[in-house]
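Q: what shape does this take:
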Amino acid sequence: MIRVVPAAEPPTFDARVRQPGLRAIAERVGEPATKKRPGPKRVPVATRREDLKPEHFHPYWQEMSEDLLSAYGRICAYACLYIERLTGAATVDHWAPKSTTWNRVYEWDNYRLACAILNARKSDYEDVLDPFVVVDGLFALDLVSLKAVSGPAAGEQTQAVKETIRRLHLDSSDYAEALGDYLEAYRSNHISLAYVEKRAPFLARELRRQGQLRAGDV
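A: Here you go, the predicted structure:
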């Protein structure tokens, strides 16, 4: 995992997601609708916002899937791998879970672009470090096994790094195989360093940090 620089909120986000989402929450706790909308009236399911369940939130965040893909170059925030257009499954992960933080459900800065597998692994667990705040060097790659390990900057966060790796399976064979495809192609001169940086930026950074770039690459 490497740090992901948060993208600016899209100009249309408030109208497309935040405002309709907050109105939907109000309806779900029995407050009168403040603006007419198409479709049937939402049935109240709780008296307090804190008691709403994840399934009670209308998925307006799905409106932002393409915006997230564009903003983050189609890179999964957790796997640091490119999400393919046809076969990849891009999802909107709520960093603060819907199950515990109702007031963050419809906030742009709570969304992380994630492939479906890594989103499912993170789920509602809160033992995964936030890619928006991690510093480079917390995580490293063993370039032999291609499994994530604690990096040189981990220090007091070593245990948190290890828990993140365990939760997301960044030390698994499937993760290593995904990185291995890029590494083999790079070492065989079939792809450029720029391509690796675009498709597997964590791997590219580790190749550079560990002095494993091809001759002529910088």
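
Q: ranges for the helices of the chain?
A: 13, 19-28, 65-71, 116-122, 158-168, 173-187, 193-199, 201-209 (DSSP state H).

Q: with adjacent residues omitted, what lies nearest to the most far-flung residue of the chain relative to its centre?
A: The C-alpha centroid of the chain is most remote from Pro32, which lies 34.7 Å away (Cα atoms, centre = their mean). Take Pro32 and drop its neighbours on the chain: the residue closest to it by Cβ to Cβ, 6 or more residues apart in numbering is Ala26, 8.0 Å away. (C-beta placed from N, C-alpha, C; glycine too.)

Q: list the contacts for that neighbour?
A: Contacts for Ala26 (Cβ atoms under 8 Å, 6 or more residues apart in numbering) come out as Pro32, Ala33, Thr34.

Q: enumerate every residue touching the closest residue to Arg167 other than its chain neighbours.
A: The shortest distance from Arg167 to any non-neighbouring residue, by Cβ to Cβ, 6+ apart, is to Val128 (5.3 Å). Applying Cβ under 8 Å, 6+ apart to Val128 gives the contacts Tyr78, Lys122, Glu163, Thr164, Arg167, Leu168.

Q: kindly recompute the last result at 10 Å.
A: 1, 78, 93, 95, 112, 118, 121-122, 160, 163-168 (Cβ atoms under 10 Å, 6 or more residues apart in numbering).

Q: can you check the pLDDT for it?
A: For Val128, the model assigns a pLDDT of 97.

Q: how near is it to Pro152?
A: Distance of Val128 to Pro152, computed by Cβ to Cβ, to the nearest Å: 21 Å.

Q: and Leu170, by the same measure?
A: 17 Å.

Q: more crowded one of those two?
A: Leu170 (24 against 10; other Cβ atoms under 10 Å).

Q: okay, buried residues for stretch 105-114 please.
A: Buried residues in stretch 105-114, defined by neighbour count with 16 or more other Cβ atoms under 10 Å: Val105, Tyr106, Glu107, Trp108, Asn110, Tyr111, Arg112, Leu113, Ala114.

Q: export that stretch as PDB, just CAs?
A: Extracted C-alpha coordinates of stretch 105-114, given in PDB (Å, rounded to 0.1, in the frame of the first residue of the first chain):
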ATOM      1  CA  VAL A 105     -22.300   7.700   4.100                       C
ATOM      2  CA  TYR A 106     -22.700  10.500   1.600                       C
ATOM      3  CA  GLU A 107     -19.400  12.200   1.800                       C
ATOM      4  CA  TRP A 108     -16.900  12.200  -1.000                       C
ATOM      5  CA  ASP A 109     -13.800  12.200   1.200                       C
ATOM      6  CA  ASN A 110     -15.100   8.900   2.800                       C
ATOM      7  CA  TYR A 111     -14.900   7.100  -0.500                       C
ATOM      8  CA  ARG A 112     -12.000   4.900  -1.600                       C
ATOM      9  CA  LEU A 113     -11.800   3.400  -5.000                       C
ATOM     10  CA  ALA A 114     -11.500  -0.400  -4.500                       C
END
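
Q: how far off centre is that stretch?
A: Centre-to-centre, stretch 105-114 and its host chain are 9 Å apart (Cα atoms, centre = their mean, to the nearest Å).

Q: now stretch 26-35
A: The answer for stretch 26-35 is 31 Å, by Cα atoms, centre = their mean.

Q: next, the distance between the ends of it.
A: End-to-end span of stretch 26-35 (Cα to Cα, to the nearest Å): 11 Å.
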